[in-house]
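**Student:** Here you go, sequence then predicted model.
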Amino acid sequence: EPEHEEPVDVTDVEVEDKNDSTTSEMDDEVLAMQLAQGLEFEETEEKSEIAKMAHDIFQLLDADDDALIDGQTARPVLLRSGLSINVLGKVWMLVDTQHRGKLDFLQLCILLGLMSQCQQGLAPDLEDLDVDTLQAPIIDDLSA
């Protein structure tokens, strides 16, 4: 029994895997990488709702212009989605396949897509994710 529960950090949440299968983790990692590689946004192309939201979040949070946002910085904004810290941690871990605690723009798009699935009552699923057509998640007051 744990003596003391520490507050959960988005970047440190462990995903409980019922199958405890390394194959499943590898499949998720490959899927996330393929999704990120497939998400090339051209300037002439109409950006999806998710891409627009990801752009807004980057404008807000990427103060050092390193094209990455870390979990600690993203946490307060992502919590405005109304999703629990455990759900946010699970989707973060699905996307942050290198476990570096940071996401680039394309990974953020995937994260937002998974969050949208969760807000719709669905399980986060990389296989069924289409960030070009999926509605952006609802995140209160993105300007603050």
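**Tutor:** Here it is on my side, so go on.
**Student:** so what pLDDT did Ala123 get?
**Tutor:** If you check Ala123, the pLDDT there is 93.
**Student:** contacting residues for the closest residue to it other than its chain neighbours?
**Tutor:** Closest residue to Ala123 apart from its sequence neighbours, by C-beta to C-beta, 6 or more residues apart in numbering: Gln117 at 7.2 Å. Backbone N, C-alpha and C define where each C-beta goes, glycine included. For Gln117, the contact set (C-beta atoms under 8 Å, 6 or more residues apart in numbering) comprises Ala123, Pro124, Asp125, Asp128, Leu129, Leu134.
**Student:** could you pull out the strands for this protein?
**Tutor:** Using DSSP state E, the strands of the chain run over 69-70, 102-103.
**Student:** which stretches of the chain have low pLDDT?
**Tutor:** Residue ranges of the chain with pLDDT under 70: 1-26, 29-31, 33-46, 143-144.
**Student:** got the strands of the chain as CSV, with distance to Val87 columns?
**Tutor:** Output for these, formatted as CSV (distance: least, C-beta to C-beta, whole Å):
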stretch, distance to Val87
strand 69-70, 18
strand 102-103, 16
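**Student:** Am I right that Thr97 is in contact with Ala32?
**Tutor:** Yes. Taking C-beta atoms under 8 Å as the definition, Thr97 is a contact partner of Ala32 at 5.0 Å.
**Student:** Comparing the two, which residue is more hemmed in?
**Tutor:** Using other C-beta atoms under 10 Å as the criterion, Thr97 and Ala32 rank with Ala32 on top: 22 against 17.
**Student:** mind listing what that one touches?
**Tutor:** Residues near Ala32 by C-beta under 8 Å, 6+ apart: Leu94, Val95, Thr97, Gln107, Ile110, Leu126.
**Student:** do you know how far it is from Met115?
**Tutor:** Counting by C-beta to C-beta, to the nearest Å, the gap from Ala32 to Met115 is 14 Å.
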